[in-house]
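K.L.:
What would the 3D arrangement of this be:
(2 chains)
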Amino acid sequence: MLDAFLAGAHQVFAFDTLTYMLIGSVAGIIAAAIPGFTVTMAIILTLPLTFAMEPLQGVSVMLSVYVGGYTGGLISAALLGIPGTPSSVATTFDAFPMARKGEPGRALSLGVWASFFGTVISTIVLIVAAPPLALIAVKLGPWEYFALIVFALTIVASLVGNSLIRGLIAGVIGLGIATIGPDPMMGKSRLTFDTDLLMPGLPFLVVLIGIFAISQLLSEVEIHGKKTNQALIPDVIDFKTWKVMREVLMAPVNLFRSSMIGVLIGALPGAGGSIANLLAYDQAKRSSKNPEKFGEGCADGVVASEAGNSATAGGGLIPMIALGIPGSAVDAILMASLMVHGISVGPRLIMDHADLAYGMFIAMIVSSLMMLVVCVASMRLFLRVTDIPKQFIVPTVIICCVIGAFALNNRVTDLYLLGIIGLVGYGLKSLDYPLAPLVLGVILGPIAETNLRRALMSDPDWTTFFTRPISAILLAAALLSVIFSVRSILKMRKKNRPATDEQDGD
Amino acid sequence: MFRKIAVAAGLMAAAFAAPAQAQSYPEKPIEFIVPWGPGGGSDTLMRIVAQGLTEETGQAVPVINMPGVGGNVGLAEFAKRPADGYTISQIHEGLLVSNQTGITDLNWDSFIPVALVASSPQYLTLSKNDNFSNFEELVAYAKAHPGAVRAGVTLGGIPHVHIAMIEEAMGLQFSYVGYTDTGERIRALMGGNIDIAIGDISSAKQFVDNGDLIYAAVGTEERTDDAPDVPTLKELGMDAELVITRGVVLPKGTPQETVDALEAHIEKVMQREDVIKLMKNAGADPVFYGQEKYSAYLDKLNATIAKLVGKLEG
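P.N.:
Numbering: from 1, shown residues only, chains lettered A, B, ... in the order given. The predicted structure is shown next:
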């Protein structure tokens, strides 16, 4: 075992491997920072380059892109208020307000450190507990997936913003959007009105870019008596790397909980960083003593969301290394790179290619260190983005969004959809509807539907949802979550009531 | 599907080679609309063909993925393209099934089938369970317990047709659970959430070798080199072919000489050793059926599917 470990380490710590990994890390961060470009796209572009490398070298480079990518989404989330990747939706909730309040450096540093620790924690779990976790992940059937999604839907309560009703409506709109197009089981058209526009459905990425990016950019150009050449965030370039590191470590419970959520969600094939990001944020808000501070630039919110999404990187590798089942699309591409070199990734990987498995563990740690170094070193540069006048940055970002949306499926109709969804998003935003529940509905709707139908096809008896232990636990958790939310909303109302009474008295 | 991305990757590696000289057709690049997403079985195999065509004709053959609605988005777009031979596309059994179940108005005869190029053997794959561990035991158990065996299929898709063929031939009754791609079905088999499914070499062989899953039968005429111990359905007393075939099509109205020229080019492509090797690596058998044989095959298949269609709309 030590031999294999040393052999793996030897390959990762070679000078050329480290150089490529550094380049990969930078590439991943930049790709993820641009709204419309995803980590998956960056990794697909890296793939052909790894063919000429040694197997472990290629995988290490891809891991560095992957780890960098989970952090890069933070940059546009914090500075522009636009999630750079689907996995950084929740990051916008607190990192952006924090940046707007004049602390963009702190928001970025918090996110970077949280991502770093999240990746490290997930790698440790991967090393220690991969085989048993992978077996559990594969045993989970449609009942457990459906129960998990029901639980995840209760997050809406944390995302509603100013009005519970408007938040719930937004969530329902999201679920509704997810039903347009071919149904996930049979491929029958639903709500498409026989139009080419709606026939393929509304792709998730297009909805995400439209809802968040287009609407955010439109509101940036609203004129409130301000000059258009103003920067997005007033000029403050100030960040205290080490102080922020201590700040992150001083809240170990939040960091650890968020990372574990990321690991577990990541290990489930089919779920991913976007769910982990929102779920970790939700759990942090619920356990916080000051939940009302969330959404206004709370450090815990930034840490939870970024640790949560970054930890899915290690989590996704769990079923891949232990069983040869990819935890996400990115893991599938990693497997591709290995298969090209004639290494079949399957249940025997750890036995047959131990050096490779250990090398991947080491590469994960090295990648997270590189991400940290790159981010800290280029922090000043990122923060300069905030100095660029709106008239330049808004059109640039819109162009990136349009290119990204088209590159997804090569469909022109997706661009019309992008425009329409952007306008709808802007309209909802102007009416003070929260957008996050809508996106949550779009993410979770199809998974819920597929697994509910699958569960009832496997076993028409619906009580199975309550007799399978993990499913029952998750459903109970969902129920508790709803009760908890109702209670805290009632409490908030009580707190606010005296103030309203006074107003009425006036 | 994820595993197929893996295979697709291998092809990109092979996509560097010098083109040969050009003939009268094609005189410019040919767009190849693959109506499925990158990394899928169709994408993987058609990239091999596209690369071979580039080398054979000296013209670039860029693959354009247009996924959506089981291939119908890309095919609908393809049907609108000029019939001049400079846009080609690809179909497989899934189109015939979508047509029969009413998802699309297009069918194989909405296009000109030029050549069938790849055939992927499909295996009846069993989970490890206490009730059956081979084909005969499965049949005996399913006869004794109608509806108890859970089959993972793409509802209204070709795996559904394949399982329905077995069901009908052996007089059995399974219950169906919908899964969208082979990778998902194999995962569900591993987790014991379904009992049987259709799998192939690239998605399931690792697990069969490791003893986690069992190949009960293969749907080819003869046993395959990849799994020589697995009996064919024919040996087991069932006259049915379970394969997925992929072929190149042109839009209706393309001039006959262009169709013939493309057919000749593809025939040469399918004799190339590198193409044969890559296709085998991707888990498919390289074959060549020309226009007539391919049309006859599709016609016969269409009749089989039409017969089973009642079973598919559950």
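
K.L.:
can you count the residues close to residue 243?
P.N.:
Went with chain A since none was named. 10 (other Cβ atoms under 10 Å in any protein chain shown). All C-beta spots, glycine's among them, are computed from the backbone N, C-alpha and C.

K.L.:
try chain B instead
P.N.:
Neighbours of residue B:243 using other Cβ under 10 Å come to 21.

K.L.:
okay, which residue is most central for the chain?
P.N.:
If you meant another chain, say so; for now it's chain A. residue A:87 (1.5 Å; Cα atoms, centre = their mean).

K.L.:
wait, chain B
P.N.:
Central residue of chain B (Cα atoms, centre = their mean): residue B:244, at 3.0 Å.

K.L.:
pLDDT score for the closest residue to the residue nearest to the centre of chain A other than its chain neighbours?
P.N.:
The shortest distance from residue A:87 to any non-neighbouring residue, by Cβ to Cβ, 6 or more residues apart in numbering or on different chains, is to residue A:273 (3.2 Å). Residue A:273 carries a pLDDT value of 86.

K.L.:
same question, residue B:163
P.N.:
The pLDDT attached to residue B:163 in the predicted structure is 94.

K.L.:
how about it, what does it touch?
P.N.:
B:151, B:153, B:174, B:176, B:196, B:198 (Cβ atoms under 8 Å, 6 or more residues apart in numbering or on different chains).

K.L.:
Then residue B:85?
P.N.:
Going by Cβ under 8 Å, 6+ apart, the list of residues near residue B:85 reads B:25, B:26, B:30, B:250, B:254, B:255, B:258, B:259, B:261, B:262.

K.L.:
hang on, residue A:272 packs against residue A:266?
P.N.:
Yes. Applying Cβ atoms under 8 Å as the test, residue A:272 and residue A:266 come out as touching, 7.2 Å apart.

K.L.:
Now do the shared contacts for the two.
P.N.:
Here residue A:272 and residue A:266 have A:312, A:316, A:328 as joint contacts, going by Cβ under 8 Å, 6+ apart.

K.L.:
Next up, phi/psi of the second one, please.
P.N.:
Read that as residue A:316. phi -60, psi -30 (degrees, to the nearest 10).

K.L.:
which residues of the stretch 151-300 of chain A fall in strands?
P.N.:
Under the criterion DSSP state E, counting those that start in this stretch, the stretch 151-300 of chain A contains strands at A:181-182, A:189-190.

K.L.:
nearest to chain B, of those strands?
P.N.:
Of all the strands of the stretch 151-300 of chain A, it is strand A:181-182 that lies closest to chain B, at 4.7 Å by Cβ to the nearest Cβ.

K.L.:
Just say helix, strand or coil for residue B:85.
P.N.:
Following DSSP: H, G, I helix; E, B strand; the rest coil, residue B:85 is assigned to coil.

K.L.:
let me redo that: residue B:152
P.N.:
Assignment for residue B:152 (three-state DSSP): strand.

K.L.:
And the pLDDT for the residue lying closest to residue A:218 once chain neighbours are set aside?
P.N.:
Nearest non-adjacent residue to residue A:218, counting by Cβ to Cβ, 6+ apart: residue A:426, 4.5 Å away. pLDDT recorded at residue A:426 is 94.

K.L.:
sorry, back to before: closest one of the contacts of residue B:163 to chain A?
P.N.:
residue B:176 (6.4 Å).

K.L.:
In a helix, the closest one, correct?
P.N.:
No. The assignment for residue B:176, made by three-state DSSP, is strand rather than a helix.

K.L.:
Can you name every helix or strand that the strand or helix carrying residue A:339 contacts?
P.N.:
Taking DSSP states H and E as the definition, residue A:339 sits inside helix A:329-340. Helices and strands touching helix A:329-340, by 3 or more Cβ pairs under 8 Å, 6 or more residues apart in numbering or on different chains; DSSP states H and E, are helix A:39-50, helix A:55-79, helix A:299-323, helix B:2-14.

K.L.:
Would you mark the buried spots in it?
P.N.:
Neighbour-count burial for helix A:329-340 flags A:329, A:330, A:331, A:332, A:333, A:334, A:335, A:336, A:337, A:338, A:339, A:340 (criterion: 16 or more other Cβ atoms under 10 Å in any protein chain shown).

K.L.:
Dump those residues into CSV; add pLDDT as well.
P.N.:
Converted to CSV, these look like this (pLDDT from 0 to 100):
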residue, pLDDT
A:329, 78
A:330, 83
A:331, 85
A:332, 80
A:333, 80
A:334, 84
A:335, 81
A:336, 73
A:337, 77
A:338, 80
A:339, 72
A:340, 67
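
K.L.:
The closest residue to chain A within the stretch 101-250 of chain B: which element?
P.N.:
Using Cβ to the nearest Cβ, the closest approach of the stretch 101-250 of chain B to chain A is made by residue B:206 at 3.3 Å. Using DSSP H and E, residue B:206 maps to helix B:201-209.

K.L.:
Which residues does the following helix or strand past that helix contact?
P.N.:
Using DSSP H and E, the helix or strand that follows helix B:201-209 towards the C-terminus is strand B:213-218. When contacts are defined by Cβ under 8 Å, 6+ apart, strand B:213-218 is touched by residues B:121-128, B:133-135, B:138, B:186, B:189-190, B:196, B:199, B:204, B:207-208, B:224, B:227, B:230-233, B:236, B:242.

K.L.:
following strand B:213-218, which helix or strand shows up next?
P.N.:
strand B:243-251.

K.L.:
and the angle for that next one with strand B:213-218?
P.N.:
Orientation check (axes from the mean of the first three to the mean of the last three Cα atoms, to 10 degrees): strand B:243-251 against strand B:213-218 gives 70 degrees.
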